[in-house]
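Q: please find the sequence and the predicted model below.
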Amino acid sequence: MSAALLLTLIVFLPTFGALALAFMPSENKEGIRLVTLGITIAVFALVVVGLMVPPELSGGWNKGLVYDTQQAAVQNVVNLPWIPSFKINYFLALDGISFPLVVLTAFICLLAMGASWTITKHVKAYCILFLLLETGMIGVFVALDFFLFYVFWEVMLLPMYFLIGVWGGPRKEYAAIKFFLYTLLGSVLMLIAILMLYFGSDLRALSDEQLITSHVVSAAADPALAAIKSSPQAVHTFNILALQQIGQTTDQLSPQIQWWCFLLLFIGFAIKVPSIPVHTWLPDAHVEAPTPISMILAGVLLKMGSYGIIRICYPICPHGGYDLMYFVCGLGVASMIYGGFAALAQKDFKRMVAYSSVSHMGYVVLGLGVWSARAYTGFNPSYWDMGIKGAMFQMIGHGISSAGMFFMVGIIYDRVHHRNLDEFGGLFGKMPYYTAMAMGLFFAALGLPGLCGFPGEVFVVLSVWTFSKVMAILSAAVVVLTAAYILWAIQRVYLGAEYKGPHEDHITPSNLRENAIGTVLLFFAILFGVFPHLVLQYMDKTIDRQTEQLAAWTAAVKEPLSQPTTGAVGGALPGPVGSALPGVPQSGDAPAQQPITADLPGAE
């Protein structure tokens with residue numbers, strides 16, 4: 001099997017399944033559910049078997065496709081012309097930033113479909129929209145053409161709007177419209193930034209090697225290379241890897257353009273994270289959404305925002321990232337503190353879990369913004385590297401624990417039809433296995449050592465210490481807030497003296513389907529907490545390379561006076577960067593005319 005076929009199947013198999021469902025009779029609800037579940041299983045199997053299982057164990061059909069953890073560059077590249085007039089390509093690939101999130105998406109969608117057996121209204125329409133949503137989410141993570149990325153980003157919006165607005169709770173229309181408007185606002189800001197980057201780019205400024213490693217052209221003999229170099233007019237591009245090269249190694253995108261593009265893109269992605277003050281859509285959407293959709297919202301959709309920050313904002317607009325580093329980190333810390341206090345004040349069980357996501361995703365924003373690779377650290381990228389890896393691990397860990405928490409809330413809500421924390425109590429005696437699963441997943445969110453919430457938070461806090469001790473202390477102290485609202489919720493819901501709410505006679509032990517989903521989530525929460533390297537090994541090389549390149553850029557462009565130079569342009573840099581950056585202007589030099597030849601993430 002080719003990479004083009006495998007990635008296309010992973011992305012579009014849910015869409016093909018949705019088309020097949022359209023021809024099934026609406027009355028066959030059980031059959032529709034089983035077909036949809038089978039499609040999510042097939043997508044997950046393609047991801048795991050095709051990209052993770054060695055060929056000798058899979059029969060050899062995935063030879064050359066298994067993800068190589070020792071390679072920093074993009075892998076399984078698919079780059080075919082789509083709209084040639086505007087240099088828009090069907091450009092898909094995987095690297096250490098996207099691959100773990102693709103696995104997470106396929107995994108959470110599989111479990112969320114298993115949790116969808118409680119959906120009884122318009123099952124056919126629900127399953128079709130569910131599958132279209134899966135295509136949009138996976139497409140966002142694998143698309144490396146900015147135009148294609150934006151298409152997938154918008155494809156995801158409409159199914160989620162209807163899944164909340166039709167199958168949600170009493171205030172479903174309000175929550176769906178709020179979600180749609182917030183996300184659409186972010187999309188408009190993102191579109192403005194995309195246009196600024198497109199019209200500010202010029203592929204002629206890149207070297208032949210950069211054009212090849214960015215997959216703009218296939219080889220030095222490619223006729224497209226000569227056409228680019230001989231063009232009398234600027235050759236614009238939507239290629240994300242090429243835009244990274246342009247942003248870091250040429251003067252095509254001025255610091256002012258990068259600053260504004262970073263801000264516009266960051267706001268658009270921060271809405272999806274969500275960070276304060278653009279977070280208010282999240283509690284309403286979570287509270288009104290059905291349980292499976294809440295699992296996807298928390299487990300996958302929030303990660304699309306942080307993925308955009310690490311994939312697009314910092315590599316393409318480093319000037320903006322550098323200038324706004326304290327703003328980004330401060331926003332992350334503020335979101336952590338605000339989300340913790342807000343969760344502590346909630347009386348609605350599901351709303352409390354929703355605000356906990358605001359707090360936990362604050363760690364992700366903080367870790368991504370810790371630009372500690374500066375002169376005072378000798379341009380050492382290791383702490384920033386730790387912060388980004390901690391943020392990435394937190395994205396995976398939170399995807400598991402938050403999906404599990406929303407599923408646990410949904411199990412009891414399906415029985416008693418209320419979420420009032422003050423009316424719960426004594427569930428441990430009535431639902432012992434369910435309580436054990438719930439406690440394990442809630443402790444994972446708390447950050448208990450040995451569970452998936454611990455490594456990411458610790459890595460982020462450690463990385464911040466050299467950047468800002470005040471932020472490090474505040475972010476570490478948020479753990480106390482997290483413990484407060486989670487332990488208090490466990491006490492009120494599961495360990496109280498007696499149940500005080502309605503429908504007590506409906507409280508029955510969790511069934512086999514619920515136990516299977518909860519147990520799988522708890523298993524991976526423990527596995528990744530005990531063996532975090534199982535996740536980190538996939539992202540190590542790619543993130544190492546990105547932070548090293550941005551550290552070199554900082555030393556050469558933003559803080560050149562803070563480093564010793566050899567007196568020549570592109571002199572050797574101190575510390576772990578240690579590589580010459582020809583073409584970058586040093587103090588007193590004229591503006592560079594040639595691009596830096598150092599590779600970026602995605603280069604071969």
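A: Looks like it arrived, so ask away. Residues are numbered from 1 along each chain as shown.
Q: quick one: secondary structure of the nearest residue to residue 383 once chain neighbours are set aside?
A: Closest residue in space to residue 383, ignoring its immediate chain neighbours: residue 372 at 4.2 Å, by C-beta to C-beta, 6 or more residues apart in numbering. All C-beta atoms are positioned from the backbone trio N, CA, C, and that covers glycine. Three-state call for residue 372 (DSSP: H, G, I helix; E, B strand; the rest coil): coil.
Q: I'd like to know how many residues surround residue 372.
A: 25 (other C-beta atoms under 10 Å).
Q: that one touches residue 388, doesn't it?
A: No: using C-beta atoms under 8 Å, residue 372 is not in contact with residue 388; the gap is 10.8 Å.
Q: so in the chain, where's the weakest helix or strand by average pLDDT?
A: Least confident helix or strand, the chain: helix 55-58 with a mean of 83, by mean pLDDT, DSSP states H and E.
Q: strands along the protein, start to end?
A: Under the criterion DSSP state E, strands of the chain are mapped to 75-83, 88-94.
Q: how far is the first one from where the chain is centred?
A: If I follow you right, that is strand 75-83. Strand 75-83 has its C-alpha centroid displaced from the chain centroid by 22 Å (C-alpha atoms, centre = their mean, to the nearest Å).
Q: contact partners for the residue nearest to residue 61 when sequence neighbours are not counted?
A: Excluding the flanking residues, the one nearest residue 61 by C-beta to C-beta, 6+ apart is residue 1, at 5.5 Å. Shown in contact with residue 1 (C-beta atoms under 8 Å, 6 or more residues apart in numbering): 50, 61-62, 65.
Q: and the residues you listed, which are buried?
A: Buried members of the contacts of residue 1, counted by 16 or more other C-beta atoms under 10 Å: 50, 62, 65.
Q: hmm, which of those is lowest in pLDDT?
A: Of all these, residue 62 carries the smallest pLDDT score, 84.
Q: not counting sequence-adjacent ones, nearest residue to that one?
A: Nearest one to residue 62, counting by C-beta to C-beta, 6+ apart, is residue 50 at 4.7 Å.
Q: also residue 439?
A: In space, residue 439 is closest to residue 490, 6.2 Å off (C-beta to C-beta, 6+ apart).
Q: can I assume that neighbour is in contact with residue 441?
A: No: between residue 490 and residue 441 no contact is recorded; they are 10.7 Å apart, counting by C-beta under 8 Å.
Q: what about residue 339, neighbour count?
A: Neighbour tally, residue 339, other C-beta under 10 Å: 28.
Q: check residue 251 and give its pLDDT.
A: Looking at residue 251, its pLDDT is 88.
Q: was I right about the residue nearest to residue 62 contacting residue 63?
A: No: applying C-beta under 8 Å, one finds residue 50 not in contact with residue 63, separated by 10.5 Å.
Q: what do these two both touch?
A: Contacts common to residue 50 and residue 63, judged by C-beta under 8 Å, 6+ apart, are absent.
Q: before we move on, back to that, winner for burial among the strands of the chain?
A: Most buried of the strands of the chain, by mean neighbour count (mean count of other C-beta atoms under 10 Å): strand 88-94, with a mean of 23.
Q: contacting residues for residue 349?
A: Applying C-beta under 8 Å, 6+ apart, the residues near residue 349 are 409, 412-413, 419-421, 424, 489, 493.
Q: what's the closest non-adjacent residue to it?
A: Counting by C-beta to C-beta, 6+ apart, residue 349 lies nearest to residue 419, which is 4.1 Å off, once chain neighbours are set aside.
Q: can you check residue 266 too?
A: Counting by C-beta to C-beta, 6+ apart, residue 313 is the residue found nearest to residue 266 once chain neighbours are left out, at 5.5 Å.
Q: the one you found against residue 321, yeah?
A: Yes: in this structure, residue 313 is within contact of residue 321 by C-beta under 8 Å, at 6.2 Å.
Q: can you pull the residues that touch both of those two?
A: Listed contacts common to residue 313 and residue 321 are residue 262; contacts here mean C-beta under 8 Å, 6+ apart.
Q: please identify which of the two sits among more neighbours.
A: residue 313 (27 against 24).
Q: what separation do you get for the more buried one and residue 88?
A: 21 Å (C-beta to C-beta, to the nearest Å).
Q: residues near residue 294, how many?
A: For residue 294, using other C-beta under 10 Å, the count is 29.
Q: who touches the nearest residue to it once chain neighbours are set aside in this structure?
A: Excluding the flanking residues, the one nearest residue 294 by C-beta to C-beta, 6+ apart is residue 406, at 4.1 Å. Neighbouring residues of residue 406 by C-beta under 8 Å, 6+ apart: 286, 291, 294-295, 298, 350, 353.
Q: where does this protein dip in pLDDT?
A: Applying pLDDT under 70 to the chain flags the ranges 561-604.
Q: what distance do you get for the spatially most central residue of it to residue 162?
A: Nearest residue to the geometric centre of the chain (C-alpha atoms, centre = their mean): residue 303, 2.9 Å. Separation of residue 303 from residue 162 (C-beta to C-beta) stands at 22 Å.
Q: same question for residue 72.
A: From residue 72 over to residue 162 (counting by C-beta to C-beta), the distance is 40 Å.
Q: hang on, residue 513 packs against residue 114?
A: Yes: using C-beta under 8 Å, residue 513 makes contact with residue 114 at a distance of 6.5 Å.
Q: more neighbours: which of those two?
A: Comparing residue 513 with residue 114 by neighbour count (other C-beta under 10 Å), the higher total belongs to residue 114, at 20 against 12.
Q: ok, the residue nearest to that one when sequence neighbours are not counted - contacts?
A: Distance criterion C-beta to C-beta, 6+ apart; nearest residue to residue 114, sequence neighbours excluded, is residue 517 at 5.2 Å. Contacts for residue 517 (C-beta under 8 Å, 6+ apart) come out as 111, 114-115, 407.
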